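[1] here is my input, please return the structure:
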Amino acid sequence: MHLFEEDQHDCQCPVSEERSPPTILFNILSRKHYSSSSSMSTADSRRQYSLSHNCHCDQRRTVCLKDPEGVCQAASTVLVKTIRFMTSLPSFRHLPQRDQLVLLYNSWVPLFVLGLAQEHTEFEVTDSPANSILKRILLNTSDGGREMEEPAMPTLANVHKIKACLQRLWNLDLSPKEYAYIKGALLFNPDVPGLQAPAFIKSLQQEAHRALHEVIVTLHPQDQGRLLRILLTVSSLQTIPHSLVSELFFRPVVGQADLFQLIREILSPGTVTRCTAAEREWSKHCQQ
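    Numbers count the residues shown, from 1 in each chain. A predicted model of the protein is given here:
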């Protein structure tokens, strides 16, 4: 299934504009190939040309959710579960408040994508509507007449990156225990700059890795390479930009509000007693 329906449009790819004229050898080979495949259908010919043209315009096209209401609701549920997972860990709650916030900022995106995989959340995207003339005028004249930059929108290439990560996780067919220990290993990253207790956090990550290895040995004793495949797949989650997740899954919900600020409120002092209240506040955003 295609992510969105293809529209007929002129190529805007700089590669196509700078492409040098075909060589004589290319023309000869092209004629020879054409004569040997004259039975090729028109559609196949266009597809063959499209592949050889090597145009990257489609990958740069901005996209949005095809079903924003349903997907954003599901994504919000996954995010709340992700924060609940963090706040339910005594070892996390006992960390200095600064370390909690640093680890949260570093890990909430990979943990969220991991949650999408665990909940089997699927989504489709479509072309983003072009900015209206009125919106462009407002962007250019707001803030004292200075031109304001529009937030970066998700591209098809970046959405493919998320979908590829989800598919690799689904192919691993992870058990609930594997998901839990992977989350722990992602959360307790001692290499994040600015930590006050990196040694303690490193011991927590090592404990999560040991527990993950034990589960794999128990559930998949014959699969010697499973741990390596899991670690490689999980490492790819770190390459997903925060802005991509925010714009794609949560901008329709929170509008121009600072998403990370909403998340960190759950981890403010007294987080255990205020967690439910913060989740109710988040639910209000989801319902608006």
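
[2] so how many other residues sit close to residue 203?
    Residue 203: 14 surrounding residues under other Cβ atoms under 10 Å. No exception for glycine: its C-beta is placed from N, CA and C like everyone else's.

[3] next secondary structure element downstream of the helix or strand where it lies?
    Assigning secondary structure by DSSP states H and E places residue 203 in helix 198-219. For helix 198-219, the following helix or strand on the C-terminal side (DSSP H and E) is helix 226-237.

[4] the inter-axis angle of that next one versus helix 198-219?
    130 degrees (axes from the mean of the first three to the mean of the last three Cα atoms, to 10 degrees).

[5] going forward, begin numbering at 41 instead of 1
    Sure, I'll start numbering at 41, so the last one becomes helix 266-277.

[6] what are the contacting residues of helix 266-277?
    Under the contact criterion Cβ atoms under 8 Å, 6 or more residues apart in numbering, helix 266-277 has outside partners 149-150, 153-154, 204-205, 208-209, 212, 214, 218, 222, 225-226, 252-253, 256, 260.

[7] immediately after that helix, which helix or strand?
    helix 282-285.

[8] and that following helix, which residues are buried?
    In terms of neighbour count (16 or more other Cβ atoms under 10 Å), helix 282-285 has its buried residues at 283, 284, 285.

[9] how about the CA coordinates for that helix, as CSV?
    Listed in CSV are the C-alpha atoms of helix 282-285, where the atom choice follows Å, rounded to 0.1, in the frame of the first residue of the first chain:
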residue,chain,number,x,y,z
HIS,A,282,12.6,15.0,18.1
SER,A,283,11.1,17.6,15.8
LEU,A,284,9.8,14.9,13.4
VAL,A,285,7.9,13.1,16.1
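
[10] can you name every helix or strand that that helix contacts?
    For helix 282-285, the packing partners by 3 or more Cβ pairs under 8 Å, 6 or more residues apart in numbering; DSSP states H and E come out as helix 137-158, helix 196-212.

[11] quickly run through the sheet partners of the helix or strand that comes right after the first one, with directions.
    Translated: helix 137-158. Past helix 137-158, heading to the C-terminal end, the next element that is a helix or strand (DSSP H and E) is strand 165-167. When pairs are called by DSSP bridges, strand 165-167 turns out to pair with strand 103-105 (antiparallel).

[12] give me the angle between whichever helix or strand comes after the strand it pairs with and helix 137-158.
    Next helix or strand after strand 103-105 toward the C-terminus (DSSP H and E): helix 108-127. Using the same axes, to 10 degrees, the interaxial angle of helix 108-127 with respect to helix 137-158 works out to 130 degrees.
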